[in-house]
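Asks: For reference, the sequence and a predicted model appear below.
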Amino acid sequence: MQTEGLAITVQGTVQGVGFRPFVYRLARRLGIFGTISNTGEGVLIQAEAPQERLEAFVSALTREAPPLSRIVSLQETPLLVSQGRHDFSILISTEAGSTQALIPPDAALCPDCSRELFDPADRRYGYPFINCTNCGPRFSIVETIPYDRPGTSMRSFPLCNDCHAEYDDPFDRRFHAQPNACPACGPSLSWYDFSGSLAVTSGVLATAAAALAAGWIVALRGLGGFHLVVDAGSEEAVARLRRRKKRPSKPLAVMAVDLDRLRAVCELDSMSEALLLGPQRPIVLSLRKSGRMLAAGLAPGIDELGVMLPYTPLHELLFRTPGCPKILVMTSGNRSGEPICTSNDEAREQLHGIADAFLFHNREIVNRIDDSVVRVMAGRPHLIRRARGYVPEPVTLPWDLPPLLACGGGLKSTFCLATGQTAQVSQHIGDMSSLEVMEFYQESMAHQQRLLRIEPELAICDLHPDYLSTRIAQESGLPLVQVQHHHAHVVAVMAEHGLDTQVVGVALDGTGYGPDGTIWGGEILLAEPADYQRLASFDLLSLPGGDAAVTAPWRMGLSALIHTFGAGQLDAALVPALQRIDVVQRQVVEAMIMQGLNAPKTSSCGRLFDAVAALLGLCLTADYEGQAAMELEALAQRARPEDQLNGQLGLPVVLRQDSDCLRIAHAGMIQMLSEQIKGGTSPELLSLAFHQWLIASVARAVIEVASRAQTRIVVLAGGCLQNRFLLEGLTTALEQENFQVYTGQRIPVNDGGISLGQAVIGGLRHVSGRTHAGS
């Protein structure tokens, strides 16, 4: 049979996931001669064999690929056959200047490594850094590509003879596993006391378990940064953590020893369980069961709890150390408003005064990365925070974009680097409200530009002039394109689903800068990838004090009453909750609203949630973003099942045509809601009624504008769509009207996704020579 030659370039997540060993074994099995190497492009295979074998080889590459790999493209080119080649080998990696090699995300401990971890006969028994080609650190330790050990923080740990033998054995699970290590040659643990002084280097886990059982706060260095860890069953320990971290009520995530323990405290459906057990191991938001196993202070006012399972061998070993509590709080190891700590020195400095002790290790974290957060809604997983386990997976686009940098927004910030048909959205950075977060943002941006070898030709940012991300874009020296916030929300969903068409975009959000001088946030757009037209919006309310109203929802409650009843009727209209506000404070805010002093107008859906929550007396002041809306949703979910069938309790759905767009009027809803509050209707029923009114109002507005726009595709975007009741209700209402409904799943619908939308809008406008759009 005649031997043929074939060069195969495989692009995607094919480095650091056992792809080369897989190809080596496949080639040996099928009798293929040649070579394989990592390159800047991805993986290059040079194969020689009869045509029939080559066809079987190419077919098996995609059919049998390792579980953590992701093939984006596979290109075949004829190759001259060499003389005398009778083997298949792995070559030293090359560095072609390209952006196509995808770095793999970090992956949870695999079943094989877990078995070895607890096998007394295994040489890695009890070793907290066990890993193989199917699990362990990836993105968090990568410094350069191609992905090889010298380009990671594992270069500080030369392989011992035993580990080297595994690394060189093509039939071993650790063949070319870059983070491979063992107790003889790899990273190690140490325990430091509250002052940051070394206490113990042996028996570290037993010391940590005893400390946690005693109610201590332990700063634990994990995969992508530090966690602050306490016993989740101890009210006292949880309260002390909240005091020290200055986090009075924001929900705290927990990690449990196993799935059975989580089932005992939470309602878990099959999809939630699959997510908890998958290689990404995110935090999954789940309904909490009643009972006293967990501290009540974990999530005040919220019925859901963020839960996860161990994803590193260190976690597994800690939980199985005698005396360790079986459910632990695992919250980000940082000061309030700052990024999570990554280095031991940083933790000693930043967490001194919060942590009682420190569990350190000496494997450096190159890329800071938080835990991802997922919520199952409408039967599908939706990322709320996209980070560990998912980053840096790319988004494949239906458009060709120039090399660019999109800088994101102000809250839940991310950036996006894009070129060609690939967009890389960064890990969750956080709220751009401090110098430390801004430095993290800029360091990550510079590092990922080097990794991806992208030299941006333009910068894209929000219209808001005061965002730090806007300043970064302006100071980049690149041509600048500014993009409307809610258009970016909608296009992010379009990009995720490859929608290169016209859609009705529903953007329900907190606040975003509007080109008409108002603050947008409840918008229905006729949207295309590079352009939009505003077709409908909520009636305007005053935002007294601007950003101050976000942390004081009672201000929005007062604004809604004045908008509905007028200042002259305010005393009579005041609901009991607002009567508790200091009279002088109330009068000052009333004057701001009436005189238009630092009280911009807003169509924000998020601020409408705040207003209703305040009127119900649920949340007059907020300690964290979205608190009022989250507590309002929880209240609606507590309504009796029979109440959930009662319609909107008569809350009127009113649309009116304004000079610029269709308006969703809410004065009638506020009036009737206020009357029912005073009449003693239960808060649960009124919260339910508000949600049902909102669903009915938005659905009716979509139906009306879609009839004019001649499209049946609807995109749901914006932070308010993290609300399960709202997302599922809107999806059902619109699908019943034969709309195709899309929303963000792999990319957050909140501000964590707008950098992707910005990238598409800005890139397409730049290519077409346009810089502005919308009306």
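Replies: Structure's in. What do you need? Model, not experiment: these values are computed from the prediction. Numbering: from 1, shown residues only.

Asks: Please point out which parts of stretch 46-66 sit buried.
Replies: By 16 or more other C-beta atoms under 10 Å, the buried positions in stretch 46-66 come out as 46-49, 53-54, 56-58, 60-61, 65-66. Using the backbone N, CA and C atoms, a C-beta is placed for each residue, glycine as well.

Asks: ugh, wrong one, stretch 481-492
Replies: Result for stretch 481-492 [16+ other C-beta under 10 Å]: buried residues 481-492.

Asks: Measure how far it is from the centre of its chain, please.
Replies: Chain-centre distance of stretch 481-492: 18 Å, with C-alpha atoms, centre = their mean, to the nearest Å.

Asks: same question, stretch 759-775
Replies: Here stretch 759-775 is found 26 Å from its chain centre; the criterion is C-alpha atoms, centre = their mean.

Asks: quick one on the thing from earlier: so which of the buried residues of stretch 46-66 comes closest to residue 699?
Replies: Residue 699 lies nearest to residue 65 out of the buried residues of stretch 46-66, by C-beta to C-beta, at 42.7 Å.

Asks: OK, contacts around the closest one?
Replies: Counting by C-beta atoms under 8 Å, 6 or more residues apart in numbering, residue 65 makes contact with 19, 22, 71.

Asks: possible to save those as CSV with secondary structure, distance to residue 606 and pLDDT?
Replies: Shown next, in CSV, are those (DSSP: H, G, I helix; E, B strand; the rest coil; distance: C-beta to C-beta, whole Å; pLDDT from 0 to 100):
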residue, secondary structure, distance to residue 606, pLDDT
19, helix, 44, 89
22, helix, 47, 92
71, strand, 40, 90
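
Asks: okay but residue 674 is in contact with residue 612, surely?
Replies: No: assessed by C-beta atoms under 8 Å, residue 674 is found out of contact with residue 612, at 10.2 Å.

Asks: just to revisit the earlier point, wait, which of the buried residues of stretch 46-66 is closest to residue 355?
Replies: residue 66 (38.3 Å).

Asks: domain ranges for this structure?
Replies: With domains defined by automatic domain parsing, the chain comprises 3-90, 103-388, 389-503+749-768.

Asks: Would you format those as JSON lines with distance to residue 699 included?
Replies: Listed next are the domains of the chain as JSON lines, based on distance: least, C-beta to C-beta, whole Å:
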{"stretch": "domain 3-90", "distance to residue 699": "37"}
{"stretch": "domain 103-388", "distance to residue 699": "15"}
{"stretch": "domain 389-503+749-768", "distance to residue 699": "16"}
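
Asks: Can you tell me which of the ones you listed is most buried?
Replies: Compared across the domains of the chain, domain 389-503+749-768 shows the largest average neighbour count, a mean of 22 (mean count of other C-beta atoms under 10 Å).

Asks: what's the offset of that domain from the middle of its chain?
Replies: Using C-alpha atoms, centre = their mean, the offset of domain 389-503+749-768 from its chain centre is 15 Å.

Asks: and it, how far apart are its ends?
Replies: End-to-end distance of domain 389-503+749-768 (C-alpha to C-alpha, to the nearest Å): 36 Å.

Asks: Same question for stretch 570-587.
Replies: 11 Å.

Asks: From residue 513, how far off is residue 465?
Replies: 8 Å (C-beta to C-beta, to the nearest Å).

Asks: Got phi/psi on residue 597?
Replies: In terms of degrees, to the nearest 10, the main-chain angles of residue 597 are phi -90, psi 110.

Asks: What is the neighbour count of it?
Replies: 12 (other C-beta atoms under 10 Å).

Asks: Give the helix, strand or coil label for the closest residue to it other than its chain neighbours.
Replies: Closest residue to residue 597 apart from its sequence neighbours, by C-beta to C-beta, 6 or more residues apart in numbering: residue 591 at 7.2 Å. Of the three states, residue 591 takes helix under DSSP: H, G, I helix; E, B strand; the rest coil.

Asks: As a check, name the ranges of all helices in the stretch 51-200 of the chain.
Replies: Secondary structure of the stretch 51-200 of the chain (DSSP state H, counting those that start in this stretch): helices at 51-63, 111-117, 161-168.

Asks: Of those, which is nearest residue 703?
Replies: Nearest of these (C-beta to C-beta): helix 51-63, 43.1 Å.

Asks: next one: the closest one to chain centre, how far?
Replies: Using C-alpha atoms, centre = their mean, the offset of helix 51-63 from its chain centre is 37 Å.

Asks: just to revisit the earlier point, closest to residue 712 among the contacts of residue 65?
Replies: Nearest to residue 712 among these: residue 71, at 33.3 Å, using C-beta to C-beta.

Asks: who's in contact with that closest one?
Replies: Residue 71 sits in contact with 10-12, 14, 61-62, 65, where contact means C-beta under 8 Å, 6+ apart.

Asks: Distance-wise, check it relative to residue 8.
Replies: Residue 71 is 11 Å from residue 8, by C-beta to C-beta.

Asks: Can you verify my assumption that residue 20 contacts residue 176?
Replies: Yes: taking contacts as C-beta under 8 Å, residue 20 lies within contact range of residue 176: 5.6 Å.

Asks: Need the overlap of contacts for the two.
Replies: Joint contacts of residue 20 and residue 176 (C-beta under 8 Å, 6+ apart) are residue 90.
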